[in-house]
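Asks: Dropping a prediction and its sequence here:
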Amino acid sequence: MKCNRPQVIPTTLRIVLLGKSGNGKSSLANTIVGGTTFTSKSFDERNTFVSEAKTRRVNGRNLTLIDTPGLFDSGRCEEEVKPELERCFIQCAPGPHVFLIVLRAEKYTEQKPVVSKICEYLSDEAFKYAAVVFTHGDQLPERMKIEEYVDQSDGLRELVEKCGGRCHVFDNTYWKNNEGEDYRSNKYQLAELLNTIDRMLIQNRGRYYTNIQLNEVERKIQEEAQHIKMSSANLSIVEIRQQAKSNILKKQIDWTTNFMTKGLVGVAVMLAAVVVGVAQFQITKDLI
């Protein structure tokens, strides 16, 4: 079902992919942009798996996709998750228009831990900007649609309901070359996903998701941009903002490295209070 584009269309849509490692986030991002832009794992100079942000034009619109590492992996503690979540905030500032929660179309017991973490960490407000996208769609029984699969599990059904009933399915391996009108076709599913995003934009009046942390990050980026503007008059507005984000990211990485080196990691650790200004960014539920 097609949807009229919202009257207020953001110049660039910022889309954050969330989920567990191995669920196919990077491959899904490549399917959306139609290339091999994203790697399965992106590392920084310290060989740490980090978020990756790329902007591409898709179906007449600019999409910035932020592919996050396994923020919701069952083996990762909050102290590991928080610095990467902060980097994600910097890359998607002033805030994402869409969260794509990426799960595998497999037995719910395999996905239950990550679903529980997502429900714990995402606020009710964030779910207004979220949709669930399943990968490995070829594992669905023949003729089964994703809504039927979701209805088989109370946990999945509750998650999708939190997301306003928004769910889609892709298969990054077997559905590449299927005909566009075929349900088991990435082309068909991408068109449906973009329609869902348009409807979400209409419901949210073209606004993006934000919170205290994102507001503070945006303030820091704007401050940094002003410093760059005064010293680099030849740069465009886009270049200045990108440089400001890069500078803030570097400061955050350097501060986190020094913090870890000094052995100050504890249960109640608060990262980024100094560098990106996310004061009192504590380990609690509703991080997003």
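Replies: Received the coordinates, thanks. All values reported here derive from a predicted model rather than from experimental measurement.

Asks: which residues touch A130?
Replies: For A130, the contact set (C-beta atoms under 8 Å, 6 or more residues apart in numbering) comprises 98-101, 122, 162-163, 166. Heads up, the C-betas are built off the backbone N, CA and C, glycines and all.

Asks: Apply 6 Å and report the result again.
Replies: By C-beta atoms under 6 Å, 6 or more residues apart in numbering, the residues touching A130 are 99, 101, 163.

Asks: between the residues you listed, which has the most around it?
Replies: Most neighbours among the contacts of A130, by other C-beta atoms under 10 Å: I101, with 28 neighbours.

Asks: isn't there a strand covering that residue?
Replies: Yes: counting by DSSP: H, G, I helix; E, B strand; the rest coil, I101 is part of a strand.

Asks: what about the closest residue to it other than its chain neighbours, distance to N62?
Replies: Spatial nearest neighbour of I101, chain neighbours left out: V132 (4.8 Å); criterion: C-beta to C-beta, 6 or more residues apart in numbering. Distance, V132 to N62, by C-beta to C-beta, to the nearest Å: 24 Å.

Asks: coming back round to it: helix, strand or coil: sort out the residue nearest to I101 for me.
Replies: Assigned with three-state DSSP, V132 falls in the strand class.

Asks: How much space separates it from S26?
Replies: Distance, V132 to S26, by C-beta to C-beta: 18 Å.

Asks: what's the answer for R207, then?
Replies: Going from R207 to S26 by C-beta to C-beta gives 28 Å.

Asks: for V133, what are its contacts?
Replies: By C-beta under 6 Å, 6+ apart, V133 lies in contact with 100, 102, 168.

Asks: which ones are touching the second one?
Replies: Spelled out, that is V102. Per C-beta under 6 Å, 6+ apart, neighbours of V102: 17, 19, 23, 25, 28, 133.

Asks: more crowded one of V132 and N62?
Replies: Neighbours around V132 and N62, counted as other C-beta under 10 Å, are more numerous at V132. The numbers are 24 against 13.

Asks: Could you give the bridge partners of that one?
Replies: Under DSSP bridges, the beta-bridge partners of V132 are I101, C167.

Asks: Would you enumerate the residues in contact with it?
Replies: 101, 160, 163, 167 are the contacts of V132 under C-beta under 6 Å, 6+ apart.

Asks: Distance of it relative to I32?
Replies: For V132, the distance to I32 equals 15 Å [C-beta to C-beta].

Asks: Name the SS class of N62, please.
Replies: Applying three-state DSSP: N62 is strand.

Asks: Can you tell me the closest non-neighbouring residue to it?
Replies: Using C-beta to C-beta, 6+ apart and skipping the chain neighbours, the partner closest in space to N62 is T12 (4.2 Å).
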